[in-house]
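Student: Here's my sequence, what's the structure:
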Amino acid sequence: MQIDNLVRPWAHKSALPSRGLAEGSSSRATALQSSRRCLSEVFRSAVGALRAGRPLPTGDVIPAADREALRDSGRNGLWVTVELAPFAVAGGLGQVSETAPEVLNQYLGKDVRVMMPHLRPLKNSGLDFDRTGVTTTLTGFDGTAETFELLQCARPGKPVLYTIENEKYFGSQDLLYTPRDKAVPGIGEDALFKSVMMYNRAASAFIPALDGDKQAAQRAALPTARPAAPQSEASRPSGKPVGETEGRGRVRELFARAVARLMPSLNKTEKAGCDEQPAAPSVERFDGKLDFLIAHDWLTSPMFNELDPQHAEGLGKIFFLHNTYDEARDLDYACRVNGLKAPCAGATTYSPLRIGLEKADAVIGNAFYVERLTSGLVGDSAFVGALQAQRDAGRVFDMHHGLSDQYSPRDNPNLRENGYTDLPAGFGTHAARDLPALDGFKQRNRLAMQREMGLTQDADAVVFSWIARPEPYQKGFTMLMDQLGDFLRQNPKAQAVVAGINLEKAPADVQAWVETLRQDPQLQGRVSFPGFVDNQKVVRLAAGSSFLVLPSTYEPYGLSQLEAMRVGALPIVHAVDGLRATVADPGKGLETPAALQPYGRTGVFMQPFDVPAFWNALDARTKGQGPDAAQQAVLDNASRKLRNALDEAMALDTHTPAEATQARWNAMRYVEEQHSWKKISARYVAPIGAAKAAARERSLLGTRVSITA
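Tutor: Numbering: from 1, shown residues only. Reported below is the predicted structural model:
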């Protein structure tokens, strides 16, 4: 394949940024020339790295003390998830799955690929999936035999995507999140647990088939697999000619990856699809041994228990602790009926979350969140002991996430249309110049957002936004319901946008609340309910908002606060877990984390309240029993603390606007400097290294090791 053939699809004039198109042919020629020079530099860097025996230059990313751990942690990894933006997203899981594997490849020189169910949005995505011909047959919960097939898609500029196809359990669904009592055609009730367990069983069967190690490949010869036929030069995957040396192949791979990294600067409109697909059915295996697995949340952790022991022995297993939600079931129902392996001796329940924590070689979880969980937040839940054991063994690593460039206020196409504005490249380096520019940025975007959301045009309005699902237990939505209407009536300069409510599926009390606010004469033009908003609208909504309201009772990490801070919307938060780790409000009695200390104030804290007592009182409210006087007092106390924070934010913006602007500038600098994926990637070195070291130790011992045994 000629190098020009790699460059040409993205170097065509129609793929240049919109600004370049508007400036005429001479500017396009200059931009194209600059892009070619940049590609040439990256190519030379890749060749130099290859000759020196390095996968990619990482000296500017990884501290010297961590480089040895990086070298010893292996290269090949599989990121197993049920969410992937923009196709299947319920929250932050999908955003992280979309970005983190690519970042590990780009900055750490890894080859991390993604696996997920072949859900309905993927079928309709326009991506070009190849059938590998590799299948496995499993007995479903209803006793019928089900065939699952491994599909693959080599997306340009993205990690290889593997999906598992089965129409009954995955194909008719948008997400694997179904209420327990809702029946799904073909599956019946309890669809979430059934679908998740079938996915984990199929994933554990297919994972060895991806391993490039010869012995692993032999073990992965599934009974129903179609062996790949000898391939001609025209039909080989990746278009590599027969006889091409491994070194030249790596050069091509590195250069293709480099081109893909430059795609955002050459083409502002994403192109969905897989350009080069193998013509013959064959699995795109890793180049060498599969080194580590990443289970992204409890929905994928059961695969740790289902893996073939011989293959699992050498695999480092990493578990992301994103939530305490756990679809625990009776052990007999899970294992005898469906053939799942019993998780551990003496267990009476099948707890996917406990499996993830027990079987992992490394756990990634927010330090504040882990501390609250092990201090009694969730009582004596089945998984707490396993989390304590992993923490005591030193296998829990603090969670950190970055933001993609789509949330940047600079050079952002989403902020250059419909009256929105972005910021100049030099913003963020000089306070005296930046602060007036930031005020103008917020005012102009506020007017554009008000037009888009149907609010009254007022550049001086203070806009409060909610951008989350209306969930009462974690997100604290009932607090907003209790306070928003009165707060707006008492503050005529305040406006509100409440995004994320699907009115057709919302509970009756939420529907009634929305209708009451919509019909209130005092609130005409001052409150908007736009429903679900995609990532593009999130950026614009946050850029036009003064504050983001996020009174979560727990937040394993949270991305909404970072997304808002990145474009100058101050978060109003209950200072717990990931919110406490990423938002600073000095003077509220909490020690500011070291990474935040140089920046000063970046948000507004609510006063803390008793979360377990709040949940108990909420049970009575949401389940129709009606809270008693003591329970109502608990609910009133929590909502009153949100109201106090709203009042404080309003006063900050109206009485001390210079302080508000300074806080917004602080927040923007903090997120840009501390939460770029380039910086965050270095935080993955330790858990990946620890997981791989544990796998090596198991291999040397010749036995599986469990810290809870």
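
Student: what's stretch 378-395 in contact with?
Tutor: 321, 324, 326, 328, 349, 351, 353-354, 357-358, 360-363, 365, 370, 373-374, 396, 612, 690, 694, 707-708 (CB atoms under 8 Å, 6 or more residues apart in numbering). Bear in mind the C-beta positions are built from the backbone N, C-alpha and C, glycine included.

Student: same thing but at 7 Å, please
Tutor: With contacts defined as CB atoms under 7 Å, 6 or more residues apart in numbering, stretch 378-395 is touched by 324, 326, 328, 349, 351, 353-354, 357-358, 360-363, 370, 373-374, 396, 690, 707-708.

Student: Could you pick out the buried ones from those residues?
Tutor: The neighbour count (16 or more other CB atoms under 10 Å) marks 324, 326, 328, 351, 353-354, 357-358, 360-363, 370, 373-374, 396, 690, 707 as buried among those.

Student: Restricted to strands, list those residues.
Tutor: Judged by DSSP state E, the buried ones among the contacts of stretch 378-395 include 362-363, 396 as members of strands.

Student: Adding pLDDT and distance to L161, write those out as CSV.
Tutor: Formatted as CSV, those follow (pLDDT from 0 to 100; distance: CB to CB, whole Å):
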residue, pLDDT, distance to L161
A362, 97, 24
V363, 97, 25
V396, 97, 29
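
Student: Let's see the pLDDT reported for F609.
Tutor: You'll see F609 listed with a pLDDT of 96.

Student: how close does the closest residue to it other than its chain neighbours get to G589?
Tutor: Among residues not flanking F609 along the chain, A638 sits closest, at 4.7 Å (CB to CB, 6 or more residues apart in numbering). A638 is 18 Å from G589, where distance means CB to CB, to the nearest Å.

Student: who's more crowded, those two?
Tutor: More neighbours surround A638 than the other of A638 and G589, with 27 against 10 (other CB atoms under 10 Å).

Student: Please identify which helix or strand holds the more buried one.
Tutor: A638 is part of helix 629-655 when elements are defined by DSSP states H and E.

Student: How about A542?
Tutor: helix 535-544.

Student: Go ahead and measure how far that helix is from the middle of the chain.
Tutor: Per CA atoms, centre = their mean, to the nearest Å, the displacement of helix 535-544 from the mean C-alpha position of its chain is 18 Å.

Student: Repeat that for stretch 294-314.
Tutor: 20 Å.

Student: Let me see the mean pLDDT of that stretch.
Tutor: On average, the pLDDT along stretch 294-314 is 90.

Student: Extract the C-alpha set from that stretch and format it as PDB.
Tutor: C-alpha atoms of stretch 294-314 as PDB (Å, rounded to 0.1, in the frame of the first residue of the first chain):
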ATOM      1  CA  ILE A 294     -10.400  -4.400  31.600                       C
ATOM      2  CA  ALA A 295     -13.900  -5.000  33.000                       C
ATOM      3  CA  HIS A 296     -15.700  -1.700  32.700                       C
ATOM      4  CA  ASP A 297     -18.100  -1.800  35.500                       C
ATOM      5  CA  TRP A 298     -20.000  -4.700  37.200                       C
ATOM      6  CA  LEU A 299     -21.900  -5.600  34.000                       C
ATOM      7  CA  THR A 300     -18.700  -7.100  32.600                       C
ATOM      8  CA  SER A 301     -16.900  -8.400  35.700                       C
ATOM      9  CA  PRO A 302     -18.600 -11.900  35.700                       C
ATOM     10  CA  MET A 303     -16.300 -12.800  32.700                       C
ATOM     11  CA  PHE A 304     -13.400 -13.000  35.200                       C
ATOM     12  CA  ASN A 305     -15.200 -16.000  36.700                       C
ATOM     13  CA  GLU A 306     -16.200 -17.600  33.400                       C
ATOM     14  CA  LEU A 307     -12.800 -17.600  31.700                       C
ATOM     15  CA  ASP A 308     -11.000 -20.800  31.000                       C
ATOM     16  CA  PRO A 309      -8.600 -21.200  34.000                       C
ATOM     17  CA  GLN A 310      -5.700 -22.100  31.800                       C
ATOM     18  CA  HIS A 311      -6.100 -19.000  29.700                       C
ATOM     19  CA  ALA A 312      -7.000 -16.700  32.600                       C
ATOM     20  CA  GLU A 313      -3.800 -17.700  34.500                       C
ATOM     21  CA  GLY A 314      -1.600 -15.300  32.500                       C
END
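
Student: Flag every buried residue along that stretch.
Tutor: Residues of stretch 294-314 classed as buried: 294-307, 311-314 (neighbour count, 16+ other CB under 10 Å).

Student: contacting residues for the spatially most central residue of the chain?
Tutor: Closest residue to the average C-alpha location of the chain: V96 at 2.2 Å, with CA atoms, centre = their mean. Contacts were defined as CB under 7 Å, 6+ apart; by that measure V96 touches H401.

Student: how much space is there between it and T324?
Tutor: For V96, the distance to T324 - CB to CB - is 18 Å.

Student: Over to A295?
Tutor: 15 Å.

Student: what does P551 give?
Tutor: Distance of P551 to T324, computed by CB to CB: 18 Å.

Student: can you tell me which of the buried ones among the contacts of stretch 378-395 are in helices?
Tutor: Mapping those onto helices (DSSP state H) picks out 353-354, 357-358, 370, 690.

Student: Of those residues, just say which sits nearest to H401.
Tutor: Set against H401, the nearest of those by CB to CB is V370 (15.7 Å).

Student: residues touching the residue lying closest to that closest one once chain neighbours are set aside, list them.
Tutor: Nearest in space to V370, with sequence neighbours left out and distances taken as CB to CB, 6+ apart, is V396 at 5.8 Å. Residues counted as contacts of V396 (CB under 7 Å, 6+ apart) are 363, 365, 370, 390.

Student: What strand or helix carries G558?
Tutor: Following DSSP H and E, there is no helix or strand that holds G558.

Student: Now do the residue nearest to it when sequence neighbours are not counted, the pLDDT please.
Tutor: Distances taken as CB to CB, 6+ apart put G578 closest to G558, at 4.3 Å, once the chain neighbours are dropped. You'll see G578 listed with a pLDDT of 96.

Student: now swap in the one 4 residues further on and tell me
Tutor: Listed pLDDT for T582 reads 97.

Student: What count of nearby residues applies to it?
Tutor: Going by other CB under 10 Å, the residues that sit close to T582 add up to 29.

Student: The one 10 residues further on now?
Tutor: Applying other CB under 10 Å, we find 19 other residues in the vicinity of T592.

Student: Tell me who's in contact with it.
Tutor: Counting by CB under 7 Å, 6+ apart, T592 touches 584, 586.

Student: Repeat that for L161.
Tutor: Contacts of L161 by CB under 7 Å, 6+ apart are 114, 152-153, 155.

Student: how near is it to N124?
Tutor: From L161 to N124 the distance is 15 Å (CB to CB).

Student: Backbone torsions only: list them for the closest residue to G485 other than its chain neighbours.
Tutor: Leaving aside its chain neighbours, G485 sits nearest to L517 (5.6 Å; criterion: CB to CB, 6+ apart). Backbone torsions for L517, taken as degrees, to the nearest 10, come to phi -70, psi -40.

Student: would CSV of the contacts of L161 with secondary structure and neighbour count be doable?
Tutor: Converted to CSV, those look like this (DSSP: H, G, I helix; E, B strand; the rest coil; neighbours: other CB atoms under 10 Å):
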residue, secondary structure, neighbour count
V114, strand, 24
Q152, strand, 24
C153, strand, 20
R155, coil, 18
